[in-house]
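Visitor: Below: sequence and its predicted model.
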Amino acid sequence: MLLTYLGRRFVLALIALFGVILTAFLVAHSVPADPLAMVLSEQATKDPTIRAAFIKRWGLDRSLPEQFFTYLTNVLHGDLGESFTTRRPVLQDLKQFLPATVELSLAALAVAVVFGVPLGVWAAVRHNRLIDHATRAVSLVGSASPIFWTGLIALYVFYYQLEWAPGPGRLDGHQTLPPRITGFLLIDSLAAGDHELFTAAVRHLILPALVLGWFIMGLIARTTRSSLLEVLDADYVRTARSKGLAEGLVVGFHALRNALIPVVTVIGLTFASLLSGAVLTETVFAWPGIGRYAVTASTRLDYPAILGVTMLTAVIYIVVNLIVDLLYGILDPRIRVR
Amino acid sequence: MSTAAEPIALAIPRTVTRGRARRNTALVVGAVMVGVWVLVAALAPWIAPHSPLDLDVMNRLEPPKPGHWFGTDEVGRDNFSRVLWGARITIPVSFTVIVLASLFGAVVGAVAGYAGGRIDEVLMRVVDVVLAFPPIVLAMAITASLGAGLRNAMFAILLVSWPEVSRLMRGQVLTIKENDYVIAARALGAPGWRVVLTHIVPNAFPPIVVKGTLDIGNAIILTAALSFIGLGALPPAPEWGAMIAAGQSKFEYWWAATFPGLAILSVVLGFNFLGDGLQDWLNPRLRND
């Protein structure tokens, strides 16, 4: 049973990946202009040998399905084309910029879980009381504020007015990146034994992580709340209470463990919001991740770069949700029986 | 609304009425907030004290003061008037996009749910694929490919907004088509399209309307985000996202970005309240309790 479930989920993920590549191909094809002029530099467009080589590489002289097949083969071999702003293979750019995005997203997710889950628990325990309404208000305002604006306001208050937070970027202006091992600044600075650099990296991470984390905290708090409310009605919770168990133990030990299962799914689903939010947060905070790379690329009409990021984010989303679904199937055996 | 709720209130437990009263507050608050913004959009040419486009280079980046309640921008345009005029762009744009996306999504979902089998499987895999992209990223890619501008941004938002509606509609249809009256209609020989249009769709629609209301809020944020990046409304249009972009990194001129952001926040909050309130009002299960 478990294996069929895993197998089906895996096949669905593969189909989705195929669809993602097809979508990227179709979007690239919708560009209403000479694709060579879009992808090659002005000089290269005029050079017949470069034109011929490019046409051959992407199979532009063949039919649409054949072109797609070439594109698919190239993508599966890691060839996403060349960015014409950085003049490097897109895959190489993505490798360089992805760690910054992952670092920011994970920090934001940590913020959202660390504040969101207790807030949800508190709201459920004090159902329909002040804290419940306050949690609701926080998540409503959080989901209604455009994140690029929240980021600017946060910078204005905490950087410009109060001077509590450092300015945009991953490090202070005079600092240089440590030798690159993982690309994660927190890890690389520690590996280099540079504590000053590590502290700067942490200080720079806090504000964007709070802004991005606040954005999804409401969702996590609301899910925890409704899921816990449901569990608190269950028979085994009533049994635990009637045994005279302290309320803290009932909630923390019996109820929360089961209530958190849907929260795991929501964390998977919020990944799309997290990545969406990261794109705009990075823009505001001059954070050198794939989001800012994509924004720069899209304003300079750098199609291979935009499509590279588009595909990468979709792949991350699919993989994360596959992992979440698999975890879910293991955590809750009832799911498998379908 | 309250007169309709009164007689039922006698029959149901107090906790339920209290919950409904709170949500009806949401409906009223939401309707008022959205109503005010719709009025602003309709009346902007008459209530705005200045033109949203007239330059006044002698009064650049003036802080808020009488006559310029929200200050002026980098070329001396009145921010208050621009925020009011911005409603004329944002509200019709997001409303149109979501109506179209909901209709398209509902048709796809209804076909998938009613037909079932292979058609269902194929349509739902397409939905999965679109949902795998972070909305802003896919919208950025589409807008960048088609060219910056409000019309292309609308098209992009439409393309990323329909799949969730399809999923919802499909679920609705799957539940409703098992009902006796649908089975009866089919047994009487009604053609499939008539069963769907006259028996299933009217009953499946309330949640779609609720979702549409909430989606308008998302579309407003997406429109603003695309304009913020520079792919949506083009200058000098008084679009809120574009205004925030113009005001970013000018911290000493805080008013430039603050007020358009508050406009987005309040109108989106209005639509969220409205959607929440509608959910309760349109949910027949709760009404017939």
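Guide: Arrived safely, thanks for sending. Numbers count the residues shown, from 1 in each chain, chains lettered A, B, ... in the order given.
Visitor: And whatever residue of the stretch 101-250 of chain A ends up closest to chain B, which helix or strand is it part of?
Guide: Residue nearest to chain B within the stretch 101-250 of chain A (C-beta to the nearest C-beta): residue A:149, separated by 3.5 Å. No exception for glycine: its C-beta is placed from N, CA and C like everyone else's. Taking DSSP states H and E as the criterion, residue A:149 maps to helix A:147-154.
Visitor: And the next helix or strand past that helix?
Guide: Note on helix A:147-154: by DSSP H and E, the next helix or strand toward the C-terminus is helix A:185-191.
Visitor: How about the helix or strand just after that next one and chain B, touching?
Guide: Scanning forward in sequence from helix A:185-191 by DSSP H and E, the next helix or strand is helix A:195-232. No. Contact between helix A:195-232 and chain B, assessed by C-beta under 8 Å from any C-beta of the partner chain, is absent, since the two come no nearer than 10.8 Å.
Visitor: ok, residue A:107 touching residue A:207?
Guide: No. With contact taken as C-beta atoms under 8 Å, residue A:107 and residue A:207 are classed as non-touching, separated by 10.5 Å.
Visitor: Between the two, which has more neighbouring residues?
Guide: Ranked by neighbour count (other C-beta atoms under 10 Å in any protein chain shown), residue A:107 and residue A:207 place residue A:207 first, with 22 against 19.
Visitor: so what's whichever residue of the stretch 101-250 of chain B sits closest to chain A up against?
Guide: With C-beta to the nearest C-beta as the measure, the residue in the stretch 101-250 of chain B that lies nearest chain A is residue B:129; the distance is 3.2 Å. With C-beta atoms under 8 Å, 6 or more residues apart in numbering or on different chains as the criterion, the residues that contact residue B:129 are A:16, A:19-20, A:22-23.
Visitor: Quick check: phi and psi at it.
Guide: According to degrees, to the nearest 10, the main-chain angles of residue B:129 amount to phi -60, psi -50.
Visitor: What pLDDT is listed against residue B:288?
Guide: Residue B:288 carries a pLDDT score of 36 in this model.
Visitor: picking that back up, same for the helix holding residue A:149, what does it pack against?
Guide: Helices and strands touching helix A:147-154, by 3 or more C-beta pairs under 8 Å, 6 or more residues apart in numbering or on different chains; DSSP states H and E, are helix A:195-232, helix A:256-284, helix B:240-247, helix B:255-282.
Visitor: roughly how far is the last one from the heart of the chain?
Guide: For helix B:255-282, the distance from its own C-alpha centre to the chain's C-alpha centre is 9 Å (C-alpha atoms, centre = their mean, to the nearest Å).
Visitor: Report the buried residues of that helix.
Guide: The neighbour-count criterion (16 or more other C-beta atoms under 10 Å in any protein chain shown) identifies B:255-265, B:267-281 as the buried residues of helix B:255-282.
Visitor: Please find the angle between the direction vectors of it and helix B:240-247.
Guide: When axes from the mean of the first three to the mean of the last three C-alpha atoms, to 10 degrees is applied, the directions of helix B:255-282 and helix B:240-247 differ by 160 degrees.
Visitor: Let me know the angle separating helix B:255-282 from helix A:147-154.
Guide: Counting by the same axes, to 10 degrees, helix B:255-282 points 130 degrees away from the direction of helix A:147-154.
Visitor: With the shortest one instead?
Guide: In this structure, helix B:240-247 runs at an angle of 40 degrees to helix A:147-154, with the same axes, to 10 degrees as the basis.
Visitor: Now do the end-to-end distance for stretch A:282-298.
Guide: Between the start and the finish of stretch A:282-298 there is a gap of 14 Å, counting by C-alpha to C-alpha, to the nearest Å.
Visitor: Could you confirm whether any residue of it contacts chain B?
Guide: Yes. For stretch A:282-298, a contact with chain B is found by C-beta under 8 Å from any C-beta, at A:283-284, A:294-295, A:297-298.
Visitor: Could you tell me the phi and psi values at residue B:190?
Guide: Torsion angles at residue B:190 (phi, psi; degrees, to the nearest 10) stand at phi -60, psi 140.
Visitor: Look at it and report its pLDDT.
Guide: Looking at residue B:190, its pLDDT is 86.
Visitor: next one: the one 3 residues further on
Guide: Model confidence at residue B:193, given as pLDDT, is 83.
Visitor: Residue B:17 too?
Guide: Confidence score, pLDDT, at residue B:17: 48.
Visitor: repeat for the one 4 residues further on
Guide: What the model reports for residue B:21 is a pLDDT of 50.
Visitor: So the longest helix seen in chain B, near chain A or not?
Guide: Ranked by residue count and defined by DSSP state H, the top helix of chain B is helix B:79-115. No. With C-beta under 8 Å from any C-beta as the threshold, helix B:79-115 lies outside contact range of chain A, at a closest distance of 11.3 Å.
Visitor: So which residue is smack in the middle of chain A?
Guide: In chain A, the C-alpha nearest the mean C-alpha coordinate belongs to residue A:275, at 3.0 Å (C-alpha atoms, centre = their mean).
Visitor: Report the spatially closest residue to that residue, excluding sequence-adjacent ones.
Guide: residue B:134 (4.3 Å; C-beta to C-beta, 6 or more residues apart in numbering or on different chains).
Visitor: how close does that neighbour sit to residue B:222?
Guide: When C-beta to C-beta, to the nearest Å is applied, the distance between residue B:134 and residue B:222 equals 11 Å.
Visitor: and residue 98, what does it touch?
Guide: No chain specified, so I'll use chain A. Residues counted as contacts of residue A:98 (C-beta under 8 Å, 6+ apart) are A:183, A:289-290, A:312.
Visitor: Switch to chain B, please.
Guide: The neighbours of residue B:98, taking C-beta under 8 Å, 6+ apart as the test, are B:161, B:212, B:215-216, B:219.
Visitor: what's near enough to touch residue B:270?
Guide: Each residue near residue B:270 by C-beta under 8 Å, 6+ apart is listed here: B:29-30, B:32-34, B:36-37.
Visitor: Now intersect those with the helices, please.
Guide: Cross-referencing those with the helices (criterion: DSSP H) gives B:29-30, B:32-34, B:36-37 as the overlap.
Visitor: Format the residues you listed as TSV; extra columns: neighbour count and pLDDT.
Guide: TSV is the format used below for these (neighbours: other C-beta atoms under 10 Å in any protein chain shown; pLDDT from 0 to 100):
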residue	neighbour count	pLDDT
B:29	16	91
B:30	21	92
B:32	13	95
B:33	19	95
B:34	23	96
B:36	14	96
B:37	20	96
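Visitor: any chance of those in TSV, plus distance to chain A?
Guide: Converted to TSV, those look like this (distance: C-beta to the nearest C-beta, whole Å):
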residue	distance to chain A
B:29	11
B:30	11
B:32	16
B:33	11
B:34	12
B:36	16
B:37	13
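Visitor: what about chain B, any weak spots by pLDDT?
Guide: For chain B, residues meeting the criterion pLDDT under 70 lie at B:1-23, B:283-289.
Visitor: Pick out the residue nearest the middle of it.
Guide: Against the mean C-alpha coordinate of chain B, by C-alpha atoms, centre = their mean, the closest residue is residue B:216 at 0.2 Å.
Visitor: Can you tell me the element that residue falls in?
Guide: Using DSSP H and E, residue B:216 sits within helix B:201-229.
Visitor: do you know how far residue B:137 is from residue A:234?
Guide: Computed with C-beta to C-beta, the distance linking residue B:137 and residue A:234 is 40 Å.
Visitor: what's in contact with stretch B:180-193?
Guide: Outside stretch B:180-193, the residues within contact range by C-beta under 8 Å, 6+ apart are B:114, B:176, B:194-195, B:198-200.
Visitor: can you tell me which of these are in helices?
Guide: Among the contacts of stretch B:180-193, the residues falling in helices (DSSP H) are B:114, B:176, B:194.
Visitor: Separate out the buried members of those.
Guide: Buried residues within the ones in helices among the contacts of stretch B:180-193, defined by neighbour count using 16+ other C-beta under 10 Å: B:114, B:176.
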